[in-house]
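Novice: Next input, structure requested:
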Amino acid sequence: MDYFTAVRAFVRVVEAGSFARAADTLHCPRNTVTKLVQSLEAHLQVKLLHRTTRRVSPTNDGAAYFQRMSRLLDEWQEAEADVAQARNAPRGRLRVDMSTALAALLVIPTLGAFQERYPAMQLDIGASDRQADMVGEGIDCVVRAGAISDPSLIARHIGNLPVVTCASPAYLARHGVPLHPSSLAGGHTLVRHFFAGSNRQAPWVLTHATDPASPATLAGRHFLSVNDSNALLAAALAGLGVVHCPLFIVGAQIDAGTLQPLLQDWSAPMVPIHVVYPANRHLSARTRAFVAWMAEVFGNSPYAVRPGPPG
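Specialist: Next up, the predicted model:
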């Protein structure tokens with residue numbers, strides 16, 4: 001048995017969900033793929049796939065085997081590409097994780113140009129606000145907001161996100177425009193953001209240009225607290241209160257006039273953005289390409305600021 005070919009056939013069957021579609025991607029007869037998987041199961045003495053007339057799916061053993069072997073196949077193919085000095089034409093699958101808002105508003109809109117530059121690459125983007133397990137889930141790199149303190153990770157600082165306080169014109173017509181952070185404590189309703197998992201609310205801190213050593217912590221009652229950026233934006237547009245969040249989430253609405261920035265003489269600490277990957281993992285050509293692309297995306301975005309030189 002050609003072990004490599006058999007494993008590749010099994011991985012393609014799981015990805016495609018059928019022997020026929022896997023055979024199409026491998027450019028070989030369906031019977032060949034079937035025999036390769038059967039020989040692999042016989043070699044391992046384990047049933048890897050559930051087969052029905054409509055769908056093929058992995059067994060529990062098959063799912064665990066797929067997760068590990070798909071990673072090994074990717075590394076094998078990357079090693080061959082590196083040996084062949086194909087660094088300028090990275091290929092293969094890259095698994096990335098980032099928040100839903102970053103994916104939808106900043107990253108995915110740029111991927112048409114990325115695809116033109118790297119047509120042989122395939123991106124799997126996990127978009128959620130949870131903290132991903134990079135090693136356990138086989139993720140190549142993560143785009144994360146905030147400080148990175150884990151010594152097992154390497155983080156490249158690719159940009160900073162300005163933070164803005166804003167509300168809808170309808171809300172401000174009802175409650176008035178606050179002229180000082182302390183105004184929010186009386187007569188205004190806030191829409192707060194809490195972090196999934198910890199339930200800790202994001203702080204609201206502003207400083208004035210004339211007195212940067214005396215920050216003001218924004219306080220006030222809130223009717224609604226959410227753990228998703230899309231929900232935060234929806235609440236702001238619905239006139240449910242004042243929001244305080246990265247500019248990229250509400251920038252288009254501020255430009256369109258459907259949200260109005262507040263307290264513009266005050267500024268909030270910017271949110272640093274990093275691309276993160278495990279320190280002990282070989283950095284593949286496709287990961288390097290994606291990291292460089294993310295630096296371009298944040299460097300060119302009107303809603304982000306380039307990182308300053310290391311201090």
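Novice: Spit out the contact partners of the closest residue to residue 289 other than its chain neighbours.
Specialist: Among residues not flanking residue 289 along the chain, residue 90 sits closest, at 4.8 Å (C-beta to C-beta, 6 or more residues apart in numbering). Glycine gets a C-beta too; all of them are placed from N, C-alpha and C. By C-beta atoms under 8 Å, 6 or more residues apart in numbering, the residues touching residue 90 are 81, 118, 120-121, 284-286, 288-289.
Novice: So which of those are in strands?
Specialist: residue 121 (DSSP state E).
Novice: hang on, the residue nearest to residue 289 is in a helix, isn't it?
Specialist: No: Residue 90 is assigned coil when assessed by DSSP: H, G, I helix; E, B strand; the rest coil, not a helix.
Novice: how near is it to residue 120?
Specialist: 7 Å (C-beta to C-beta, to the nearest Å).
Novice: now swap in residue 155 and tell me
Specialist: Distance from residue 155 to residue 120, by C-beta to C-beta: 27 Å.
Novice: Ok, residue 93 next?
Specialist: For residue 93, the distance to residue 120 - C-beta to C-beta - is 11 Å.
Novice: neighbour count winner among the two?
Specialist: When residue 93 and residue 120 are compared for neighbours, residue 93 comes out ahead with 17 against 11, by other C-beta atoms under 10 Å.
Novice: Need the three-state assignment for that one.
Specialist: Secondary structure, three-state DSSP: residue 93 is strand.
Novice: Mind listing the residues bridging to it?
Specialist: Following DSSP bridges, residue 93 is listed with bridge partners residue 122.
Novice: Do you have the helices of this structure handy? List them.
Specialist: For the chain, the helices defined by DSSP state H cover 3-16, 19-26, 30-44, 60-83, 100-101, 111-117, 169-175, 229-237, 247-256, 285-300.
Novice: For residue 192, find the nearest of those helices.
Specialist: With respect to residue 192, and counting by C-beta to C-beta, the nearest of the helices of the chain is helix 229-237 at 8.8 Å.
Novice: Please save the CA atoms from the closest one in CSV.
Specialist: Extracted in CSV, the C-alpha atoms of helix 229-237 (Å, rounded to 0.1, in the frame of the first residue of the first chain):
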residue,chain,number,x,y,z
SER,A,229,-19.5,43.4,18.1
ASN,A,230,-22.3,43.0,15.6
ALA,A,231,-24.8,43.1,18.5
LEU,A,232,-23.1,46.3,19.9
LEU,A,233,-23.4,48.0,16.5
ALA,A,234,-27.1,47.0,16.2
ALA,A,235,-27.8,48.3,19.6
ALA,A,236,-26.2,51.7,18.8
LEU,A,237,-28.1,52.0,15.5
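Novice: which ones are touching residue 209?
Specialist: With contact set as C-beta under 8 Å, 6+ apart, residue 209 has these partners: 265, 267.
Novice: distance of it from residue 307?
Specialist: 22 Å.
Novice: And for residue 106?
Specialist: Residue 106 is 15 Å from residue 307, by C-beta to C-beta.
Novice: low-confidence ranges in the stretch 201-311 of the chain?
Specialist: Within the stretch 201-311 of the chain, the stretches with pLDDT under 70 are 280-282, 308-311.
Novice: can we see that at 80?
Specialist: For the stretch 201-311 of the chain, the stretches with pLDDT under 80 are 201-203, 209, 211-214, 217-220, 279-284, 308-311.
Novice: And the stretch 1-150 of the chain, by the same measure?
Specialist: Scanning the stretch 1-150 of the chain for pLDDT under 80 picks out 1, 52-54, 74-89, 129-138, 149-150.
Novice: Give me the buried positions along stretch 278-293.
Specialist: Buried residues in stretch 278-293, counted by 16 or more other C-beta atoms under 10 Å: 278, 284-287, 289-291, 293.
Novice: sorry, back to before: make JSON lines from the helices of the chain and add distance to residue 202 to it.
Specialist: Output for the helices of the chain, formatted as JSON lines (distance: least, C-beta to C-beta, whole Å):
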{"stretch": "helix 3-16", "distance to residue 202": "38"}
{"stretch": "helix 19-26", "distance to residue 202": "44"}
{"stretch": "helix 30-44", "distance to residue 202": "48"}
{"stretch": "helix 60-83", "distance to residue 202": "34"}
{"stretch": "helix 100-101", "distance to residue 202": "13"}
{"stretch": "helix 111-117", "distance to residue 202": "28"}
{"stretch": "helix 169-175", "distance to residue 202": "20"}
{"stretch": "helix 229-237", "distance to residue 202": "10"}
{"stretch": "helix 247-256", "distance to residue 202": "12"}
{"stretch": "helix 285-300", "distance to residue 202": "20"}
